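Colleague: no sequence on this one, just coordinates:
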Ligand code: GLC
C-alpha cells in the first residue's frame, strides 16, 4: 500500500476560503483504495462546523517545542473518517481558535510554523508513516525544511519524500529572519539566499520549494509563467533553476458535487438534452429570488470570486457601464476588498433590475448561479488554475476569461467560422479588450443562438473530473517513491 499524507491549511467540507480547500477535499478521494492510502492533515480550527467537530475522535497528544518563541505547546491529534479517507486534525486551542482560519499575518506565520512541525512530530503517534508528504501552499512550506534538517537525524524519517504544490505563488509567508528563527529554531545557516532568505527576510514557501523533492503547480501554463519575472513573485529564479523537478497538473472538480442533473441545490435539474429550456427556468427563478427583472431573454453574466486584485476586478470597474447594458444582467457572489465590494454594491443600487451584488459567500446561491447564468466572467490578472470556469462548463455556462494560467489551459476560444471552442478569451490585461470580447459574446448569444448552444454542448461534454489528473499524481508519486 502506498501511503500519502496531504498537509494543508484548508479542506472541504471542513473549512474553505478558496480553491485550495476544494482540491484538498476532492483529490484524496479519487485514488484507487486498493493501492493508495491517501490521508489529509489540517488544523483543528474552532470555526470548523460543530457537527463535524463533535465526531472527531481523539488519537493522542504530546507536547512540542520549535524555536524559543514556541515552547512546550500542546499538540492534540484528532481523527475523522469520511468516504474512505482518514483526516487528521492538529489540535491546539490557543492557535486555532479564530473565527476564520487566517487573520493577522505574523500570527498566521507562527501558527503554521507550529502546524508544520506538529505534522512531522505526529507521525510517531499515529499508525501511519507516509511515503510522501504532499504539502500545499506556504502554510505547509516548512515541512520539507524541518524534514531535511532537524528531523533528518532520526532514522524514522529517512526516505520520506515531499512534494510542494503551489496553488497561489502570491502568498509566501514572509517575515524578518530574527522572528522566524524565534519561531522555527532553525540555525542561522538556513537563512541564506539559496535557502530561506528572500530579500533579507525569511520566506516559508521558498523553504518548501528549496527542500521539497518535487514541485507541482495547478496548470501547465502557470508552471511556465511562474518562471518569468512578471508572474514569478520574486521566486522565478529559483523556480526556473528547479524546472526539471517541476510540472503543472491541472485541477479537476468533484463531478458528484457539481452535476446539474442531480444537484439538489439548483431549482431545476437538467442535462445535455434539456439545458436549452431548463437553464432558462433556472434563470427566471434566480431573477425572482434576487429581485432582478424576470425575463429569460436577458443575457445573464455571473461572477463568483474572492474580490481581490488577482481576479481582474479593476478591469470590470472600468468597463462596468459597458457590460451592464439594458439586455444584460450581472450577478456577483463573493467577499473581499472593500473597494470591490462597494463597486458592485454601487451598481446594484444604480441598476437594481440588472445588477445583483451578493457580498457574501453562499454555496447554495453559487450553485443556483452556475445553473442560471449564460456566461461566467473571469478576467484574472493571474490564475494558477481556476475552478469556477470548470464548474461553469459542467453547468452549460460559457466562460469569458483572460488567457492566463489554468484559464488558458482549460478554455478554448470560440471560433465562429469553424464552429469550434467552448468559451471566449482575451490576451492582454486591458479593459477595452475585455469589453470587446464580452460584446462579441453578446452578439453570438443574441444573434447566433444555434452556434451558442453548440458551444454550450461542447463545454458540457468536456471532462474536467479528476480522472485524468489523478493518474498524473499517481505517476509522480510512483516516480518519487522509486527515486
Ligand atoms: C488558488 C488559485 C486558483 C486555483 C486554486 C486551487 O485559489 O488562485 O487559481 O484554482 O488555488 O488550486
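Modeller: That came in fine, so what should we check first? What you are looking at is a predicted structure, and each value in this text was computed from that prediction instead of being measured.
Colleague: From residue 478, how far off is the closest residue to the ligand within the chain?
Modeller: The ligand sits closest to residue 19 of the chain, with a gap of 2.7 Å, by Cβ to the nearest ligand atom. In this view, the C-beta of every residue, glycine as well, is placed from N, C-alpha and C. From residue 19 across to residue 478, the span is 26 Å (Cβ to Cβ, to the nearest Å).
Colleague: of the two, who's got more company?
Modeller: Ranked by neighbour count (other Cβ atoms under 10 Å), residue 19 and residue 478 place residue 19 first, with 23 against 12.
Colleague: how many other residues sit next to the closest residue to that one other than its chain neighbours?
Modeller: Spatially, and ignoring its direct neighbours in sequence, residue 19 is nearest to residue 387 (4.8 Å; Cβ to Cβ, 6 or more residues apart in numbering). Residue 387 has 24 neighbours, counted by other Cβ under 10 Å.
Colleague: Residue 387 reaches residue 22, doesn't it?
Modeller: Yes - with contact defined as Cβ atoms under 8 Å, residue 387 counts as touching residue 22 (5.7 Å).
Colleague: Touching both of those two, which residues are there?
Modeller: Residues touching both residue 387 and residue 22 by Cβ atoms under 8 Å, 6 or more residues apart in numbering: 251, 253.
Colleague: Tell me the residues of this structure that contact the ligand?
Modeller: Residues of the chain lying close to the ligand (Cβ under 6 Å from any ligand atom) are 18-20, 23, 167-168, 218, 251, 383-387, 406.
Colleague: Sitting in helices, which of those residues do you find?
Modeller: Judged by DSSP state H, the subset of the residues of the chain next to the ligand located in helices is 19-20, 23, 406.
Colleague: Narrow the residues you listed to those that are buried.
Modeller: When neighbours are counted using 16 or more other Cβ atoms under 10 Å, these contain these buried positions: 19-20, 23, 406.
Colleague: For residue 64, name its beta-bridge partners.
Modeller: Taking DSSP bridges, one obtains residue 73 as the residues bridged to residue 64.
Colleague: ok, now which ones touch it?
Modeller: 72-73, 75, 114, 117-118, 121.
Colleague: now, which of the residues you listed lie within strands?
Modeller: Of the positions in the contacts of residue 64, 73, 75 sit in strands, assigned by DSSP state E.
Colleague: Quick one: buried ones out of the contacts of residue 64?
Modeller: Among the contacts of residue 64, those buried by neighbour count (16+ other Cβ under 10 Å) are 73, 75, 114, 117-118, 121.
Colleague: Dump these to CSV, plus pLDDT.
Modeller: Putting the buried ones among the contacts of residue 64 into CSV (pLDDT from 0 to 100) gives the following:
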residue, pLDDT
73, 98
75, 98
114, 98
117, 98
118, 98
121, 98
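Colleague: mind checking the end-to-end distance for stretch 418-425?
Modeller: 16 Å (Cα to Cα, to the nearest Å).
Colleague: before we move on, the earlier item: could you check how far the residue nearest to residue 19 is from residue 60?
Modeller: Plainly put, residue 387 is 35 Å away from residue 60 if you go by Cβ to Cβ.
Colleague: Tell me the pLDDT of the residue of the chain most remote from its centre.
Modeller: Ranked by distance from the centre of the chain (Cα atoms, centre = their mean), the top residue is residue 447, with 35.8 Å. Here, the pLDDT recorded for residue 447 equals 98.
Colleague: go on, the one 3 residues further on?
Modeller: Model confidence at residue 450, expressed as pLDDT, equals 97.
Colleague: residues contacting it?
Modeller: Applying Cβ under 8 Å, 6+ apart to residue 450 gives no contacts.
Colleague: and what of residue 234?
Modeller: Counting by Cβ under 8 Å, 6+ apart, residue 234 touches 198-199.
Colleague: Flag the shaky bits of the stretch 101-250 of the chain, pLDDT-wise.
Modeller: Nowhere does the stretch 101-250 of the chain drop to pLDDT under 70.
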